[in-house]
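A.B. asks: Task: produce atomic coordinates for the following.
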Amino acid sequence: MASKARLTYLEIFFISGVFTIDNWRGGTMPMSLLSSVQNKCNQKVLLFCDDTGSRECLQRFLAGQGFDITSVDNQREFSDEVSATPYDVAILDLGFSDMDELALVRYLRTQTATRVIVLSGRSSSQACMEGYLSGADNYIGKPVDFSVLSAALNSLLGRCSPLQRFQGECSGGSSNSWVLCAANRELIAPDKTRIPLTTKEYMFFTCLADGNSDVVKRADLLKSLGYEQNEYGHKRLETLIYRIRRKARQAEFFPLITHHGYGYSFSVDLVTRKTC
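C.D. replies: Numbers count the residues shown, from 1 in each chain. The predicted model follows:
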């Protein structure tokens, strides 16, 4: 049977560590944090894991982070939940059963608008590539670093799903959108921070914008940037990313995600405009 974890907002604050006993004694309720948690609770997350201990641990942690989490332990329950409820993100803990590990990933990618995080004991470059090519948005090796999982989940919940795009719920005017300005060659954050870009940096973000929030392969980036398809070219790309991250420190949050050994993605909408 599917299991749901329900916590009060106060429990969420204490478990996640963002609200302490001292805060409580001071009598000040962090309303910005409350708003953040309320927004998370409006987004549904499905956890598939057939190991009882791991499933309960993951469910308790994610509920403590404020997510509306439902967990299942077999493929039939998983199919029932996906058919009955439109989930925003599915977390698939793979490797315990003898089933085709990536079949669920392929099903979610082709039949739903649900985004997918894979947790797997197979962490080789080949395994990661197979996961991404099957449709995973994030591929995290085990043992799982819970802080990384939470960051990945928060990142995905900030994106627009294909269904939302079709319904017009995530237009270019979304308050969460970043803007790539062609006229000024700038990257503009939602908080209006303007990040000036070199020609190569602008070309890099153009590739990400064309990727529509999906992972853009390193090989494709090297080709678009005119870099060599060898170790020297990869080092040039990494240097470019390093410079970009240094420039972006002035923004409150920078949603550029590195998928090690595979490529890069932008975890929120990146809108290209001629003038800004």
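
A.B. asks: going forward, measure contacts between C-alpha atoms and count neighbours the same way
C.D. replies: Fine.

A.B. asks: What's the end-to-end length of stretch 183-200?
C.D. replies: With C-alpha to C-alpha, to the nearest Å applied, stretch 183-200 spans 15 Å between its terminal residues.

A.B. asks: mind listing what's buried in it?
C.D. replies: By 16 or more other C-alpha atoms under 10 Å, the buried positions in stretch 183-200 come out as 185-189, 194-197.

A.B. asks: what does stretch 48-62 give?
C.D. replies: Buried residues in stretch 48-62, counted by 16+ other C-alpha under 10 Å: 48-50, 55, 58-62.

A.B. asks: Which strands or helices does the helix or strand harbouring A151 pack on?
C.D. replies: Using DSSP states H and E, A151 falls within helix 146-157. In terms of contacts (3 or more C-alpha pairs under 8 Å, 6 or more residues apart in numbering; DSSP states H and E), helix 146-157 is packed against strand 89-94, strand 115-120.

A.B. asks: picking up where we left off before, please narrow the buried residues of stretch 48-62 to those residing in strands.
C.D. replies: Among the buried residues of stretch 48-62, the ones falling in strands (DSSP state E) are F48.

A.B. asks: would CSV of the buried residues of stretch 48-62 with distance to A103 and pLDDT be doable?
C.D. replies: Shown next, in CSV, are these (distance: C-alpha to C-alpha, whole Å; pLDDT from 0 to 100):
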residue, distance to A103, pLDDT
F48, 13, 93
C49, 14, 89
D50, 15, 83
R55, 20, 87
L58, 22, 87
Q59, 23, 88
R60, 26, 86
F61, 26, 83
L62, 24, 83
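
A.B. asks: which ones among the buried residues of stretch 48-62 are found in helices?
C.D. replies: Per DSSP state H, helices hold the following members of these: 55, 58-62.

A.B. asks: middle-most residue in this structure, spatially?
C.D. replies: Central residue of the chain (C-alpha atoms, centre = their mean): L156, 2.9 Å from the mean position.

A.B. asks: Look up how far P255 lies from the nearest residue to that one once chain neighbours are set aside.
C.D. replies: Counting by C-alpha to C-alpha, 6 or more residues apart in numbering, L156 lies nearest to S267, which is 6.2 Å off, once chain neighbours are set aside. The gap separating S267 from P255 is 5 Å, by C-alpha to C-alpha.

A.B. asks: more neighbours, these two?
C.D. replies: Neighbours were counted for S267 and for P255 using other C-alpha atoms under 10 Å; S267 has more, 24 against 16.

A.B. asks: isn't that one right up against L153?
C.D. replies: No - S267 is beyond contact range of L153, at 10.2 Å (criterion: C-alpha atoms under 8 Å).

A.B. asks: How about the contacts made by the closest residue in space to R55 that isn't next to it in sequence?
C.D. replies: With C-alpha to C-alpha, 6+ apart as the criterion, R55 has its nearest non-adjacent residue at 5.5 Å, and that residue is C49. Residues counted as contacts of C49 (C-alpha atoms under 8 Å, 6 or more residues apart in numbering) are 55, 71-74, 92-94, 96.
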